[in-house]
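Asks: can't give you the sequence, but here's the structure:
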């Protein structure tokens with residue numbers, strides 16, 4: 001900012017940096033400097049580049065914290081819903097046991113039960129799981145292994161939305177297990 005003194009010894013700001021320009025000659029000796037507004041110049045309120053960069057940096061920090069937490073929350077909630085699907089599968093098997101006093105023998109080897117009822121055949125749960133429809137069929141594949149006296153139902157994560165290492169299981173003795181690497185978001189259920 002350039003400054004200079006006029007002949008009366010008063011300090012005058014040059015170039016009108018205070019929102020207007022100043023006259024060097026006062027209207028009267030006692031009036032001092034008078035302010036003359038610039039024609040067509042409006043004072044604008046705006047954000048500076050530094051302020052915008054600070055806002056972007058703060059938002060970036062918040063996003064780097066929030067997004068992983070949200071992803072973990074979604075993974076955990078999908079796995080919790082899959083546990084409910086396993087309980088529904090076990091109820092269908094228990095219902096068969098109540099009627100016949102044995103579990104279905106068609107699943108002696110691990111058999112995948114399609115999530116969509118329209119995709120099931122007699123060998124993949126058409127009759128035994130007709131009332132069962134999983135809520136998490138898009139994120140888990142469900143399978144069953146039975147003997148006449150026991151069963152184990154299993155949900156395995158699939159696709160990019162759920163880690164394939166997320167494995168949940170439930171047996172006829174109510175033994176519940178979850179993969180040990182915490183890929184489901186919890187270690188017991």
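Replies: Yep, it's here. Small disclaimer: the values here were computed from a predicted structure and weren't measured.

Asks: which residue ranges of this structure form strands?
Replies: With DSSP state E as the criterion, the chain has strands at 3-5, 11-13, 21-22, 35-36, 111-113, 140-146, 151-157, 167-171, 176-178.

Asks: got those strands as CSV, with mean pLDDT, distance to residue 67 and mean neighbour count columns?
Replies: C-beta: built from backbone N, CA, C; applies to glycine. Listed next are the strands of the chain as CSV, based on pLDDT from 0 to 100; distance: least, Cβ to Cβ, whole Å; neighbours: other Cβ atoms under 10 Å:
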stretch, mean pLDDT, distance to residue 67, mean neighbour count
strand 3-5, 49, 53, 9
strand 11-13, 48, 51, 13
strand 21-22, 50, 53, 17
strand 35-36, 60, 53, 11
strand 111-113, 91, 33, 17
strand 140-146, 94, 23, 22
strand 151-157, 95, 20, 22
strand 167-171, 95, 25, 20
strand 176-178, 95, 24, 16
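
Asks: so which of these is nearest residue 72?
Replies: strand 151-157 (13.9 Å; Cβ to Cβ).

Asks: what's in contact with that closest one?
Replies: Strand 151-157 has contacts (Cβ atoms under 8 Å, 6 or more residues apart in numbering) with 79, 82-83, 85-86, 89-90, 93, 103, 107, 110, 136, 139-146, 163-172, 183-184.
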